[in-house]
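Undergrad: dropping the sequence and predicted coords here.
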Amino acid sequence: MGVVGNWFKERLPVSGVELAELTNEPVPNHMRRWWWCLGGTPAYLFVVQIVTGILLALYYQPSPETAFESVRRISEEVNFGWFIRSVHKWAATLMIAAVILHQMRIYFTAAYRKPREINWMIGVSLLLCTLLLGFTGYSLVFEQLSYWGVTVASNICDTVPVVGSTIKQLLLGGDTYNRNTVPRFFILHAAVLPTLMVVLIALHIAILRLQGITELQFEDEPEEGSKHFDFFPDHFYTELIVGLVLMILLCVLATLFPAGMGTHADPLTTPEHIKPEWFFYPSFLWLKWFPGTIAVLTSGFIVFIMFVWPFIDAMICKITKRDDLYFWIGIAGVFMLVGMTIWEVLH
């Protein structure tokens, strides 16, 4: 072992003490509560997505002629294919929910304020990428939902002024849904978006390490004594337990509620009632409330407001001399999103 150790030390001149200092960053006491550890939850689920996605890609055939049949074969013939596909689907659902909850936690604790504006914008970008991953994922099955979801989305893109038609042609590989569409969505889902997310996550973690975690003080915490604890092993154990619980939950959901097969896509038959996945319900309802171009422009404006919110919040605080208005604005936004989702579920 001494010879092997010396060989590595000559080529990797990092001692155990230096490595411990590098990885053992002090963590604020409020992170002892597991519900404050939502940042690691979507990261774990993203890894599950990558692993199960690679296994599914071994059998999936990205073309309109073969996509549906290859998914059916995965679900019904490949050993444990139904389980891998179901874990992939449920991990995607939980990942979207976890990213939304994490973003809400950051918002309602005002952890986006100076000097953390850049990390907030990276977080919003990660949220958008996660939603796009969900959309491109269910677009690959070539069910009725897949085909008509892509068709509606491309028509919505076409209403965007100036660049709309170009975006539509890039997505579809033509003016309408054609044999190039499924391969393009597969490349987006399996390569472009995951790579972009890996880059954004790396930037997110790097900035977090440079700035440190926002420190919060609760009433039940003693004012005296240490306000931090070591990342390893204390916080690592918390994240490990969360990961194990998620693994059990994914296995249970995949077993009890496996991913099914819908109706094969039929370009000649428009479904009477078809809805997107739950995370697009507010957007879907918004599009029904307003005409196409107005709905797209207002949706884009809302995303822009989310992206630059730290600067808007700073301006509101400066003008009103109050620093709590963001909370009530956030409450109104949450009630609106939840209300729109429930409305779409019931109608």
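TA: Yep, that arrived.
Undergrad: listing request: residues of the stretch 1-150 of the chain with sub-threshold pLDDT.
TA: 1, 11, 13-25, 29-35 (pLDDT under 70).
Undergrad: at 90 what do you get?
TA: Low-confidence segments of the stretch 1-150 of the chain, defined by pLDDT under 90: 1-40, 105, 109, 111, 114-115, 138, 145, 149.
Undergrad: break down it into its helices, ranges please.
TA: 2-11, 16-23, 40-57, 67-76, 81-108, 117-138, 144-158 (DSSP state H, counting those that start in this stretch).
Undergrad: which residue lies closest in space to the most centrally placed residue in the chain, excluding its sequence neighbours?
TA: Central residue check for the chain by C-alpha atoms, centre = their mean: the C-alpha nearest the mean position is that of Thr130, 2.9 Å away. Closest residue to Thr130 in three dimensions, ignoring its sequence neighbours and counting by C-beta to C-beta, 6 or more residues apart in numbering: Val99, at 4.9 Å. For glycine as for every other residue, the C-beta is placed from the backbone atoms N, C-alpha and C.
Undergrad: tell me how far that neighbour lies from Leu128.
TA: For Val99, the distance to Leu128 equals 10 Å [C-beta to C-beta, to the nearest Å].
Undergrad: test my guess that the residue nearest to the centre of the chain contacts Pro42.
TA: Yes: in this structure Thr130 lies within contact range of Pro42 using C-beta atoms under 8 Å: 7.3 Å.
Undergrad: list residues touching both of these two?
TA: Counting by C-beta atoms under 8 Å, 6 or more residues apart in numbering, the shared contacts of Thr130 and Pro42 are 95, 99.
Undergrad: the residue nearest to Thr130 against Pro42, yeah?
TA: Yes: if you go by C-beta under 8 Å, Val99 and Pro42 touch, sitting 4.8 Å apart.
Undergrad: what touches both of those two?
TA: Counting by C-beta under 8 Å, 6+ apart, the common neighbours of Val99 and Pro42 are Thr130.
Undergrad: my guess is Arg113 contacts Ala314. True?
TA: Yes: using C-beta under 8 Å, Arg113 is in contact with Ala314, at 7.2 Å.
Undergrad: how about the helices in the stretch 151-300 of the chain?
TA: For the stretch 151-300 of the chain, the helices defined by DSSP H, counting those that start in this stretch occupy 164-172, 181-187, 193-211, 236-256, 281-289, 292-307.
Undergrad: which one of those helices lies closest to Leu58?
TA: Nearest to Leu58, of all the helices of the stretch 151-300 of the chain, is helix 181-187, at 13.3 Å by C-beta to C-beta.
Undergrad: does anything pack onto that closest one? Which helices or strands?
TA: Secondary-structure packing of helix 181-187 (3 or more C-beta pairs under 8 Å, 6 or more residues apart in numbering; DSSP states H and E): helix 164-172.
Undergrad: list the buried residues for the helix it packs on?
TA: For helix 164-172, the neighbour count (16 or more other C-beta atoms under 10 Å) marks 164, 168, 171-172 as buried.
Undergrad: what's the answer for stretch 90-103, then?
TA: 90-100, 102-103.
Undergrad: which single one of the residues you listed is nearest to Phe284?
TA: Using C-beta to C-beta, the buried residues of stretch 90-103 come closest to Phe284 at Ile96, 15.1 Å.
Undergrad: wait, isn't the closest one in contact with Cys129?
TA: No: using C-beta under 8 Å as the test, Ile96 is too far from Cys129 to be in contact (10.8 Å).
Undergrad: so what sits against both of the two?
TA: Here Ile96 and Cys129 share no contacting residue, scored by C-beta under 8 Å, 6+ apart.
Undergrad: would TSV of the buried residues of helix 164-172 with distance to Phe301 and pLDDT be doable?
TA: Listed next are the buried residues of helix 164-172 as TSV, based on distance: C-beta to C-beta, whole Å; pLDDT from 0 to 100:
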residue	distance to Phe301	pLDDT
Gly164	16	86
Lys168	21	91
Leu171	22	90
Leu172	25	91
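Undergrad: and the furthest pair within those?
TA: The span of these, defined through C-beta to C-beta, is set by Gly164 and Leu172 at 12.5 Å.
Undergrad: what's the burial count for Lys114?
TA: Neighbour count of Lys114, defined by other C-beta atoms under 10 Å: 9.
Undergrad: so what does the closest residue in space to it that isn't next to it in sequence have for phi and psi?
TA: Among residues not flanking Lys114 along the chain, Ala314 sits closest, at 7.0 Å (C-beta to C-beta, 6+ apart). Dihedral angles phi and psi of Ala314 (degrees, to the nearest 10) take the values phi -60, psi -40.
Undergrad: any idea how far Glu10 is from Ala314?
TA: 51 Å.
Undergrad: these two - which one has more neighbours?
TA: It is Ala314, of Ala314 and Glu10, that has more neighbours when counted by other C-beta under 10 Å, with 15 against 8.
Undergrad: and the more buried one, how far from Ile106?
TA: Using C-beta to C-beta, we find Ala314 at a distance of 16 Å from Ile106.
Undergrad: could you do Gly39 as well?
TA: 9 Å.
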